[in-house]
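With the input below, show me the fold.
(chains A and B)
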Amino acid sequence: MNGSEIFNAQLWMTALSSATPLALAALGGTFSERTGVVNIAMEGMMLTGAFVAVLASATLHSAFLGLAAAILSGMLMAVLFAWGTIRYKADQVVVGMAINVLAAGLTGYLLNAIYGFTGTPPDTPRLPDVTIPGLAQMPGIGAVLGRADLLVYVMLLLVPLSHYFLFRTPLGLRMRAVGEHPQAADTAGIDVNRLRFLGVLISGALSGMAGAYISIGVLNAFNVNMTNGRGYIALAAMIFGNWKPVGAFLAAALFGLANALAINLQGLEGWHVSKDFVLMIPYALTILALAGIVRRTTPPAADGIPYEPGH
Amino acid sequence: MDVVLELKGITKRFPGVVANDRVDLDLRRGEIHAVLGENGAGKSTIMKIVSGLYSPDEGTILLEGRPVRFAGPREAITAGIGMVHQHFMLIPVMTVAENIVLGREPARGLALDVRRAREDVRQLSARYGLEIDPDRLVGELSVGLQQRVEILKAFYRGANILILDEPTAMLTPQEARELFRIMRELARSGVSIFFISHKLDEVMEVADRVSVMRQGRRVATLPAAETSPEQLAELMVGRSVLLRVERGEHRPGEPVLAVEGLGRAARGGRAALADISFEVRAGEIFGLAGVEGNGQQELVEVLAGLLKPDRGTVRLGGVDVTGRSPRQLFEMGVAYIPPDRQAEGLVLDLTVAENLALKDYYRAPLARRGLIDVKRLAERARALVVEYDVRPANPAAVARTLSGGNQQKVILGREVSSSPRLLIAAQPTRGLDVGAIEFVHRRLLALRDSGAAVLLSSLELDEILSLADRIGVMYKGRLVAVLDADEATRERVGLLMTGATAAAPAGAGTAAAGAGAEEVRRP
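Now for the predicted structure:
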């Protein structure tokens, strides 16, 4: 493989595949943080979703029921997270970390308790690939976008939908208002905590979906700590994307591309730079973004602050 | 005139306090009814009950003669009661239209109908004479315009009763005057207004009737035309208050502060200073007047060592101290009362005793061999809270728990007890009630009479006129005039503050400033 062959269809497919779970979770995170809840628990929600997807898919012999169960499990973790952070106004980062530790322990334990050393069943159904007629036949782009896992297309659809929802609908306006100035929203007759709960719940659903993609989209198996920090990377993508759906998607795509490049570069002759450096680029960019060097990011004004009426 | 809203026997208790004690209050259609009281008198509580934020423990609210109970702000809004909070409930990153329709958005299918929102705002604007651009971001508007958005928000929700909670606290004098004009117009068109304030002159200027609250009770309701500031102050405080503290004869001594050709470019959101020269002598109060944002605060911060000037010199007792740090200046006898006591004056989560030691904790007698002598610190604090009448007189109280007036007394105690040669006081009475203002004024005059130099920067022109021996007027970063107290009238200083001289040709400027004004050099 030489330099020009690096950017082949395989690279773009890998990039899109790597970007999908990041983008799904980052979109969810955008909803949560736009309402003012810092959601570091996406990692745990994702991991739970990944495990439950395999569990349900293998037990019920249906990848779609696996997906549905994964989404529900992500939402269940979100309810737990919301209960601590919104109902009891505990520190969002602390509760988020607790959820992540809980998810890691719980999935690891259940994996061992249910499947023992043999791992998840090899006949676990995985989510189907979808072929887009017409697009698949097109040269170049067809090889990348013509045929992919169902959730890749779901993700691509959710990007404009999320944007429309947040920035064009009354409910989106209210959710953003809650994240910017909860007192103002409250005095305008908006139920702050209900909308925050909704934001966290959407985040849980999309994180669960992202987890399902990792376990029964790309593969049909679950192993210990399978998400491997993707929840945090999704959080970084959301921040790099400036708390906007389209931005979050583009940032996730960039992270996915870096990941794909790092894989492809290993096969490149005469290339002596460690792949770790390539993998590092998106994170370095995120740090620079947060420091306001690459671009200015502005979080919602009340992001991370529990709402106490009357203050 | 018919009564729109009537409160009967409203009582509200909080743990340990009765915030409202059997309060009766009524609002007539089309009137401006001022509710006057010191901080903590219960005027905010009663308004929060009217606007549905609190529910009363006892008593009834009659709206158009019918008893009502509000379970929350939303119900009060639906009933036509709109509250404009002192701290605006606006989202800076959203447009004027978005802020106004929030919670009651016009929709078109699933989407927000932006065009109709804009149109609705335009119509309201026109109907109430409150001009505003619906597409501007709220964060880009001046405070006065933001308040206009708040008022429109209430009208968008169908309010015909408006509660304005300390609406002038954040406004410049010009914006306040504009607000009063709007209030009168609204009242004429049939809107009934509760106007919460602790400022006597505003109440006298704009209200039809005045209700005075003290310690949770309504002590009087009077037509504004039949009362006087003195009577209202006495009702508020419960004893007679001197609204103007007597100022003894002006006996200036040697110059303590001498500023020569001071200049600083505008940067970092701070106004520019240009060619400022003046002196403050021992035994005098030099008042710095001006509309907010004309460089007074920048000048004060340069003199306090917080900002570095680009050119010019600052001398203290003849010694060049230009560019010295706040601590170096403190050690040379400069004390500073910052304009924002919560952000700059105090560390709110430290105790009163610790706050009193912020300037000299590091040196004898408070510190020995690098360690703070806690016993001495507490002893001195105990003496100071008594001397400066801090309530509660408890040095171990956390500063945050004190009222604004008592917080200011802590700052005053810290700064004045260091026996400074020069005290720089910026907005020392902002947001304080009349009793506390009187206390601060007495202390400033006592310091002056003991031979210190005092530089007083204030946006309250009356404060400057009653305390200062000489008055400097700032406009666009320049000291446009320095007047002696006996030649400074409200009108004349007010005119100078609006740049009447600076805008006119040099010759005309001198005339407008009037004979006797010490003309300040211009480049």
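
Residue ranges in the stretch 51-200 of chain A under the pLDDT threshold?
Low-confidence segments of the stretch 51-200 of chain A, defined by pLDDT under 70, are absent.

So which residues of it form helices?
With DSSP state H, counting those that start in this stretch as the criterion, the stretch 51-200 of chain A has helices at A:63-82, A:92-115, A:141-145, A:150-168, A:170-180, A:182-187, A:192-212.

Can you tell me which of these is nearest to residue B:270?
helix A:170-180 (26.8 Å; C-beta to C-beta). C-beta: built from backbone N, CA, C; applies to glycine.

how many other residues sit next to residue B:229?
A count of nearby residues for residue B:229, using other C-beta atoms under 10 Å in any protein chain shown, gives 15.

which outside residues touch stretch A:227-235?
A:21-26, A:29, A:39-47, A:50, A:100, A:207, A:210-211, A:214, A:252, A:255, A:282 (C-beta atoms under 8 Å, 6 or more residues apart in numbering or on different chains).

Would you list the phi and psi of the nearest residue to residue B:229 once chain neighbours are set aside?
Nearest residue to residue B:229 in three dimensions, chain neighbours excluded: residue B:200, at 4.3 Å (C-beta to C-beta, 6 or more residues apart in numbering or on different chains). The phi/psi pair for residue B:200 (degrees, to the nearest 10) reads phi -60, psi -40.

go on, residue B:478?
The phi/psi pair for residue B:478 (degrees, to the nearest 10) is phi -110, psi 150.

thought it was touching residue B:295?
Yes - with contacts counted by C-beta atoms under 8 Å, residue B:478 reaches residue B:295, the gap being 7.5 Å.

What count of nearby residues applies to the residue lying closest to residue A:58 once chain neighbours are set aside?
Closest residue to residue A:58 apart from its sequence neighbours, by C-beta to C-beta, 6+ apart: residue A:124 at 4.2 Å. The number of residues packed near residue A:124 is 22, by other C-beta under 10 Å.

just residue A:185 next, same as before
Residue A:185 is flanked by 28 other residues according to other C-beta under 10 Å.

I'd say it and residue B:99 touch.
No - using C-beta under 8 Å, residue A:185 makes no contact with residue B:99, being 10.6 Å away.

before we move on, the earlier item: where does the residue nearest to residue B:229 land on pLDDT?
We note a pLDDT of 87 for residue B:200 in this prediction.

Pick out the residue in the stretch 351-500 of chain B sitting closest to chain A.
Going by C-beta to the nearest C-beta, chain A is nearest to residue B:400 of the stretch 351-500 of chain B, at 12.8 Å.

what residue ranges in chain B score low on pLDDT?
Looking at chain B by pLDDT under 70, you get B:1, B:501-523.

Domain parsing of it, as residue ranges.
Using automatic domain parsing, the domains assigned to chain B come out as B:3-237, B:255-333+B:420-521.

Tell me who's in contact with residue 80.
As the question left the chain open, I've gone with chain A. Neighbours of residue A:80 in contact, by C-beta under 8 Å, 6+ apart: residue A:99.

could you do chain B instead?
Contacts of residue B:80 by C-beta under 8 Å, 6+ apart are B:63, B:158-161.

can you put those residues in JSON lines and add neighbour count?
Putting those into JSON lines (neighbours: other C-beta atoms under 10 Å in any protein chain shown) gives the following:
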{"residue": "B:63", "neighbour count": "19"}
{"residue": "B:158", "neighbour count": "13"}
{"residue": "B:159", "neighbour count": "22"}
{"residue": "B:160", "neighbour count": "20"}
{"residue": "B:161", "neighbour count": "22"}
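
Save these as CSV, and put in distance to chain A and secondary structure too.
Below are the contacts of residue B:80 laid out as CSV (distance: C-beta to the nearest C-beta, whole Å; DSSP: H, G, I helix; E, B strand; the rest coil):
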residue, distance to chain A, secondary structure
B:63, 18, strand
B:158, 12, coil
B:159, 12, coil
B:160, 18, coil
B:161, 15, strand
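
Quick check: the farthest pair among those residues?
Greatest spatial distance in the contacts of residue B:80: B:63 and B:158, 13.2 Å, computed using C-beta to C-beta.

Can you name the helix or strand that residue B:123 falls in?
Taking DSSP states H and E as the definition, one finds residue B:123 inside helix B:114-128.

how much does that helix deviate in direction from helix A:170-180?
70 degrees (axes from the mean of the first three to the mean of the last three C-alpha atoms, to 10 degrees).

what's the burial count for residue 291?
You didn't say which chain, so I picked chain A. Neighbour tally, residue A:291, other C-beta under 10 Å: 9.

Actually, chain B is the one I wanted.
Residue B:291, neighbours per other C-beta under 10 Å, totals 20.

which residues does the closest residue to chain A within the stretch 151-300 of chain B contact?
The nearest approach of the stretch 151-300 of chain B to chain A comes at residue B:153, 7.5 Å away (C-beta to the nearest C-beta). Shown in contact with residue B:153 (C-beta under 8 Å, 6+ apart): A:188, B:82, B:89, B:99-100, B:102.

tell me which residues in the helix or strand that contains it are buried?
Per DSSP H and E: residue B:153 is located in helix B:143-156. Buried residues in helix B:143-156, defined by neighbour count with 16 or more other C-beta atoms under 10 Å in any protein chain shown: B:144-156.

next SSE after that helix?
strand B:161-165.

now what about that next one, what contacts it?
Here strand B:161-165 makes contact (C-beta under 8 Å, 6+ apart) with B:4-5, B:27, B:44, B:47, B:50-51, B:80-86, B:151, B:154, B:183, B:186, B:191-196.
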